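**Q** Kindly return the folded structure for what I paste below:
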Amino acid sequence: MKKITRSDTSKVIQILTQSFQTNPSALWVIKQDEKVQQRLKALIEYAVKTGITNEGVFLSDDKSAAAICFKEPSKSNFQSYLDQVVLIWKAIGISRVPLVLKREGYLKKHRPNEPHLNFWFLGVDPNQKGAGGVQDLKKGIFEFSKRQELPVLLETSVERNKNVYERFGFYTYHIWKQSQDYTLWFMRRD
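**A** Predicted structure coming up:
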């Protein structure tokens, strides 16, 4: 596992965009219209920029998997606020802002108010599944967590992923049924 360089950015965006094509939580955030694929890519671009600002975007050694995982509380600057405006314009849509802010408030309320690693995104290149990239990222992030003495927190809206995370040592500490749209599992690994 390595922190990405500028030349890796497009590969990470490609992997994560492909991986989140059917993710209920990511798709809920973005405006659903004829531009949904462009909006999903804009969401991923925002996440990657935020991850880079917080020194937390990683690529597996074989370049088959990517992750965004950084220490919370995260860094904010003027650029991060401009990036949020671009996110609203390109991905969320102005009319959805109140809904997304309400959701983010709920998420924040149910995350522990302590330093932790926020495991925000994990994706695998669909053409290279089984190549070992996830294992490489898992090992690197868990070693980082151990060195920093910080728990790792994540949310997932995909039950299959929840089961994989449980095999990785995570446990569910809160479940949120987001109306009929999806369920969100809040998970933690100490």
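**Q** Need the three-state assignment for Phe70.
**A** Phe70 falls in the strand class when you classify it by DSSP: H, G, I helix; E, B strand; the rest coil.
**Q** Which pLDDT does the model give it?
**A** Confidence at Phe70, expressed as pLDDT, is 95.
**Q** swap in Gly130?
**A** 62.
**Q** ditto for Leu43
**A** We have a pLDDT of 98 for Leu43.
**Q** Enumerate the positions of whichever helix or strand Trp185 is part of that are buried.
**A** Element membership for Trp185, per DSSP states H and E: strand 182-189. Residues of strand 182-189 classed as buried by neighbour count (16 or more other CB atoms under 10 Å): Tyr182, Leu184, Trp185, Phe186, Met187, Arg188, Arg189. All C-beta atoms are positioned from the backbone trio N, CA, C, and that covers glycine.
**Q** wait, isn't the fourth one in contact with Tyr165?
**A** No: taking contact to mean CB atoms under 8 Å, the distance of 11.0 Å between Phe186 and Tyr165 leaves them out of contact.
**Q** who touches both of the two?
**A** Here Phe186 and Tyr165 have Leu154 as joint contacts, going by CB atoms under 8 Å, 6 or more residues apart in numbering.
**Q** got the contact list for the closest residue to Pro115 other than its chain neighbours?
**A** Leaving aside its sequence neighbours, Pro115 sits nearest to Leu150 (CB to CB, 6 or more residues apart in numbering; 5.8 Å). Residues counted as contacts of Leu150 (CB under 8 Å, 6+ apart) are Lys71, Pro115, His116, Leu117.
**Q** Select from those residues every entry located in strands.
**A** Those of the contacts of Leu150 mapping onto strands are Lys71, His116, Leu117, per DSSP state E.
**Q** Quick check, the first one in contact with Glu114.
**A** No: counting by CB under 8 Å, Lys71 sits too far from Glu114 to count as a contact (11.3 Å).
**Q** Return the angle between stretch directions for the helix or strand hosting Lys102 and strand 182-189.
**A** Using DSSP H and E, the element containing Lys102 is helix 97-109. Using axes from the mean of the first three to the mean of the last three CA atoms, to 10 degrees, one finds that helix 97-109 and strand 182-189 are set 30 degrees apart in direction.
**Q** Now helix 97-109 - C-alpha only, PDB.
**A** Once non-C-alpha atoms are left out, helix 97-109 reads as follows in PDB (Å, rounded to 0.1, in the frame of the first residue of the first chain):
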ATOM      1  CA  VAL A  97     -28.600  20.300   0.000                       C
ATOM      2  CA  PRO A  98     -31.100  20.300   3.000                       C
ATOM      3  CA  LEU A  99     -31.600  16.600   2.800                       C
ATOM      4  CA  VAL A 100     -27.900  15.900   2.500                       C
ATOM      5  CA  LEU A 101     -27.100  18.200   5.400                       C
ATOM      6  CA  LYS A 102     -29.700  16.500   7.600                       C
ATOM      7  CA  ARG A 103     -28.200  13.100   6.700                       C
ATOM      8  CA  GLU A 104     -24.600  14.400   7.500                       C
ATOM      9  CA  GLY A 105     -25.900  15.700  10.800                       C
ATOM     10  CA  TYR A 106     -27.300  12.300  11.700                       C
ATOM     11  CA  LEU A 107     -24.000  10.600  10.700                       C
ATOM     12  CA  LYS A 108     -21.900  13.000  12.800                       C
ATOM     13  CA  LYS A 109     -24.200  12.600  15.800                       C
END
